[in-house]
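Novice: model this:
(one chain, ligands or ions: 1)
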Amino acid sequence: MLESASAGMFFAVSDDRIMENIRIMENIKAIGILTSGGDAPGMNAAIRAVTRAAIYEGWKVFGIYRGFEGLIGGEIKEFTTESVSNTIQRGGTILKTARSRDFMSPEGRAKAAENLRKFGIDALVVIGGNGSLTGARELAREYDIPCIGLPGTIDNDLYGTDSTIGYDTALNTIVDCVDKIRDTATSHDRIFFVEVMGRDAGFLAQNSAIAAGAEAAIIPEDETDVDQLDQFIGRGIRKSKNSSIVLVSESPKHGGAMHLAERMRVEHPEYDVRVTILGHLQRGGTPSAYDRILASRLGVAAVEALKEGQRNVMMGIDDDHVVYVPFSRAIKQDKVVEPELINVLSILSI
Ligand code: F6P
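Specialist: So this is what the prediction gives:
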């Protein structure tokens with residue numbers, strides 16, 4: 001399963017280090033699992049996969065509630081295979097999640113490490129986005145605890161994986177919403193600015209714009225000297241159409257959908273403009289089949305990775321192969337929105 005990783009693409013650890021790690025891993029008897037940061041559909045499928053794969057190996061599994069916050073507070077419970085029954089289809093996370101301020105301090109991490117020792121947890125699987133994997137890396141570095149990351153975020157902004165758990169579901173949710181917005185936009189001959197999540201990443205906006213047949217996407221990655229709003233207007237918004245939909249990623253760089261709509265009202269009062277901010281509804285709902293399969297594959301792979309002596313790596317998917325991505329790369333390296341996607345949208349929106 002991990003062939004492409006071993007073939008070297010994202011190979012993380014030297015052979016000597018692996019032998020050393022294997023010695024450590026032979027002693028693994030129990031692992032902990034937590035979800036952290038923003039929830040994402042498919043996190044439950046990942047928890048289920050890690051839990052069952054570890055029990056299959058004869059290891060104990062401890063569910064850690066409310067992310068690093070719960071690790072500090074000792075909110076830890078032993079999981080059985082039944083603990084994850086009937087969860088693969090559920091959105092959110094049965095382990096709950098949090099963004100922990102305490103974990104950012106050395107004292108917080110010391111308490112977390114102490115609880116891992118107290119419960120006899122030898123290794124940790126962390127499911128989350130950028131901030132969560134950064135936390136895992138710190139803990140691993142300071143306390144020599146083997147940590148494996150699973151990319152769990154709707155933003156799809158982790159380097160080294162084609163997709164993150166939750167992204168596909170969120171994309172489909174957005175497309176479904178935009179299809180509905182288009183009905184009313186067309187009926188009223190209006191321009192709609194639809195704001196979607198993604199913090200500093202435009203994957204959700206760009207790809208939902210293509211999938212929903214929108215007229216434009218305004219994303220942080222396409223920030224150039226040319227103003228994206230001017231560009232959209234310059235292309236002639238109403239040459240052949242009576243209504244338009246513009247997907248806007250929530251990035252503060254361009255001020256968001258509200259700001260752009262306000263500009264439009266001032267600069268082009270001839271247009272009837274409306275805004276829809278999709279907000280947290282993008283994070284909920286039943287995970288898509290793609291996300292369930294991705295989460296299941298990466299969850300099993302996380303346990304395999306621990307068995308192989310890997311540590312401080314995120315499991316990713318690259319060209320349909322499971323790969324290891326060192327935390328440092330997954331977190332730090334920018335994942336680019338392919339210029340081809342930007343081109344496709346501008347060609348198809350004429
Ligand atoms: O990181 C996932 C994400 O959904 C971002 O797209 C968004 O900016 C953020 O979380 C919102 O976080 P919160 O739920 O804490 O408001």
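
Novice: Do you have the helices of the protein handy? List them.
Specialist: 3-6, 15-25, 43-56, 67-73, 106-118, 130-143, 167-188, 203-212, 228-234, 256-267, 289-307, 327-332, 339-348 (DSSP state H).

Novice: Just send these back as a markdown table, with mean neighbour count too.
Specialist: Any C-beta I mention is one placed from the backbone N, CA and C, and that applies to glycine too. Listed next are these as a markdown table, based on neighbours: other C-beta atoms under 10 Å:
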| stretch | mean neighbour count |
| --- | --- |
| helix 3-6 | 16 |
| helix 15-25 | 13 |
| helix 43-56 | 25 |
| helix 67-73 | 25 |
| helix 106-118 | 16 |
| helix 130-143 | 21 |
| helix 167-188 | 19 |
| helix 203-212 | 24 |
| helix 228-234 | 17 |
| helix 256-267 | 16 |
| helix 289-307 | 23 |
| helix 327-332 | 19 |
| helix 339-348 | 14 |
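
Novice: Name the spans of the stretch 251-350 of the chain whose pLDDT lies under the cut-off.
Specialist: Counting by pLDDT under 70, the stretch 251-350 of the chain shows low-confidence ranges at 252.

Novice: How many residues are close by whichever residue of the stretch 1-150 of the chain sits closest to the ligand?
Specialist: When scored by C-beta to the nearest ligand atom, the stretch 1-150 of the chain has residue 38 as its residue closest to the ligand, at 3.3 Å. By other C-beta atoms under 10 Å, 21 other residues sit near residue 38.

Novice: ok, the residue in the stretch 101-250 of the chain positioned nearest to the ligand - contacts?
Specialist: Residue of the stretch 101-250 of the chain nearest the ligand, by C-beta to the nearest ligand atom: residue 197 (3.4 Å). Applying C-beta atoms under 8 Å, 6 or more residues apart in numbering, one finds that residue 197 lies in contact with 154-155, 170, 204, 249-250, 278-279, 282-283.

Novice: Most neighbours among those residues, please name it.
Specialist: For those, neighbours tallied by other C-beta under 10 Å; top is residue 170, 32 neighbours.

Novice: and the stretch 251-350 of the chain, which residues reach the ligand?
Specialist: residue 283 (C-beta under 6 Å from any ligand atom).

Novice: per-residue pLDDT, the nearest residue to residue 185 once chain neighbours are set aside?
Specialist: Leaving aside its chain neighbours, residue 185 sits nearest to residue 243 (4.2 Å; criterion: C-beta to C-beta, 6 or more residues apart in numbering). pLDDT for residue 243: 84.

Novice: Appreciated, that's everything.
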